[in-house]
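J.: Predicted model and sequence follow; I will ask about them next.
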Amino acid sequence: MSIHKTLGEFIIEKQADFPHAKGELSALLSAIKLAAKIVNREINKAGLVDITGATGVENVQGEQQQKLDMYANEIFKNALIARGEICGIASEEEDNYVFFDNKNSRSGNYVVLMDPLDGSSNIDVNVSVGTIFSIYRRVSPTNGPVGIEDFLQVGRKQVAAGYVIYGSSTMLVYTTGNGVHGFTYDPSIGVFCLSHESLTIPKSGRIYSINEGNYVKFPLGVKKYLKYCQEEDESTNRPYTSRYIGSLIADFHRNLLKGGIYIYPQTAQAPSGKLRLLYECNPIAFLAEQAGALATDGFSPILDIKPTELHQRVPFFTGSPEMMDTAHQFMKEFEGS
Ligand SMILES: O=P(O)(O)OC[C@H]1O[C@](O)(COP(=O)(O)O)[C@@H](O)[C@@H]1O
Ligand SMILES: [Mg+2]
Ligand SMILES: [Mg+2]
């Protein structure tokens, strides 16, 4: 029976990959690893504990906050605040960024942006959900207060990003800019073990993920691409098959392993789409590009977008490069209509 390498061992081994290393990545990821285990424990018994349903409070996005959104937000925040490397966080569930104003954290060099619970609409129905994180080095002077500029950095500046998927098994998948690596949680020994080293997405695939319930509101380029996916043509493996879980992390993870494309486009009602640039699209885009996939707003790379607001939204296209190229051709051809 082979004993898999643990996440902790792998991080130590890969330490040299992380600029300014000095053990800071280990501390950052061990905080996330610990919080993921605690949230995983509660999710696994969600029906038995008072953790399902809404809190009755609306978050800054105008969405009903779910109890598990808030629980995960507190667990990750508290795990991060306890580590001196991190001087501040931004979260989907916090109106503004949070500055860890204590002596220990002030000297921290990193900020974390997170979506503590992704796929909130699936919490109560036992469908895979996730946590997404993005890590930057601060740009404001160390030992001083954190500023908005520390959070509004282009995605290319990320030093690490990843997600936890709470599904049939629980996995943590991350990158520090040296490939994408996946670790599966073994509850019997309480550790994340290396199960998917150097993940790369298949060049093409047969899966498209989009909420077709919004079809009539889609831009013409997206409508045309969907028709292309559904046409009969054996030579190009079409029609493709539609798979949409409604949890960005679960849809992305499946496509990463099998090949495919995920699209959450702009609509007439939501000209910037739904997904948030800083703690959903940037971290996924960093992982995607590291795994040989593309991630764009339908036209240009997500990682080159200069953020202007903490909770700004962007149209999001990501997936196998050949499928993305085709989708881009339709978006270009029907741009503006
Ligand atoms: O229900 P819709 O409009 O298809 O939206 C589903 C999308 O919204 C999200 O749930 C948004 O994320 P949160 O659950 O973190 O708010 C994504 O995970 C998912 O891909
Ligand atoms: Mg989300
Ligand atoms: Mg969320």
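T.: Looks like it arrived, so ask away. Residues are numbered from 1 along each chain as shown. Ligands and ions are numbered 1, 2, ... in the order given.
J.: for the nearest residue to residue 313 once chain neighbours are set aside, helix, strand, or coil?
T.: Spatial nearest neighbour of residue 313, excluding adjacent residues (CB to CB, 6 or more residues apart in numbering): residue 272 at 4.2 Å. The C-beta positions use only the backbone N, C-alpha and C, and glycine is treated the same way. Assigned by DSSP: H, G, I helix; E, B strand; the rest coil, the conformation of residue 272 is coil.
J.: Near residue 272, how many other residues are there?
T.: 14 (other CB atoms under 10 Å).
J.: Number the residues from 662 up from this point.
T.: Will do, 662 is the new start, and the previous item becomes residue 933.
J.: Enumerate every residue touching it.
T.: Neighbouring residues of residue 933 by CB atoms under 8 Å, 6 or more residues apart in numbering: 927, 973, 974, 975, 976.
J.: separation between the residue nearest the centre of the chain and ligand 3?
T.: In the chain, the residue lying closest to the centroid (CA atoms, centre = their mean) is residue 793, at 4.0 Å. The gap separating residue 793 from ligand 3 is 8 Å, by CB to the ion, to the nearest Å.
J.: Can you tell me, leaving aside adjacent residues, what's nearest to that residue?
T.: residue 776 (4.2 Å).
J.: Heading C-terminal from the host helix or strand of that neighbour, find the next helix or strand.
T.: Assigned by DSSP states H and E, residue 776 falls within strand 771-779. As assigned by DSSP H and E, the chain's next helix or strand after strand 771-779 is strand 790-798.
J.: That following strand close to ligand 1?
T.: No. Judged by CB under 6 Å from any ligand atom, strand 790-798 makes no contact with ligand 1; its nearest approach is 7.6 Å.
J.: C-terminal to that strand, what's the next element?
T.: strand 821-827.
J.: Can you name the residues that contact the nearest residue to residue 753 once chain neighbours are set aside?
T.: The shortest distance from residue 753 to any non-neighbouring residue, by CB to CB, 6+ apart, is to residue 776 (4.7 Å). Applying CB under 8 Å, 6+ apart, one finds that residue 776 lies in contact with 752, 753, 791, 792, 793, 794, 937, 940, 941.
J.: Quick check: the gap between residue 776 and residue 984.
T.: Distance of residue 776 to residue 984, computed by CB to CB, to the nearest Å: 25 Å.
J.: Show me the protein divided up by domain.
T.: Listed by automatic domain parsing, the domain ranges of the chain are 668-857, 868-994.
J.: With mean pLDDT added, can I get those in a markdown table?
T.: Below are these laid out as a markdown table (pLDDT from 0 to 100):
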| stretch | mean pLDDT |
| --- | --- |
| domain 668-857 | 90 |
| domain 868-994 | 97 |
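J.: thought residue 880 was touching residue 994?
T.: No. Contact criterion CB atoms under 8 Å: residue 880 and residue 994 do not qualify, at 11.3 Å.
J.: Which one's more surrounded, those two?
T.: Looking at residue 880 and residue 994 with other CB under 10 Å, you find the greater number of neighbours at residue 880, namely 21 against 12.
J.: Would you give the sheet partners of the strand holding residue 776, along with the direction of each?
T.: In the sheet containing strand 771-779, its partner strands are strand 747-752 (parallel), strand 790-798 (antiparallel), by DSSP bridges.
J.: could you check the angle strand 821-827 makes with that strand?
T.: Counting by axes from the mean of the first three to the mean of the last three CA atoms, to 10 degrees, strand 771-779 points 20 degrees away from the direction of strand 821-827.
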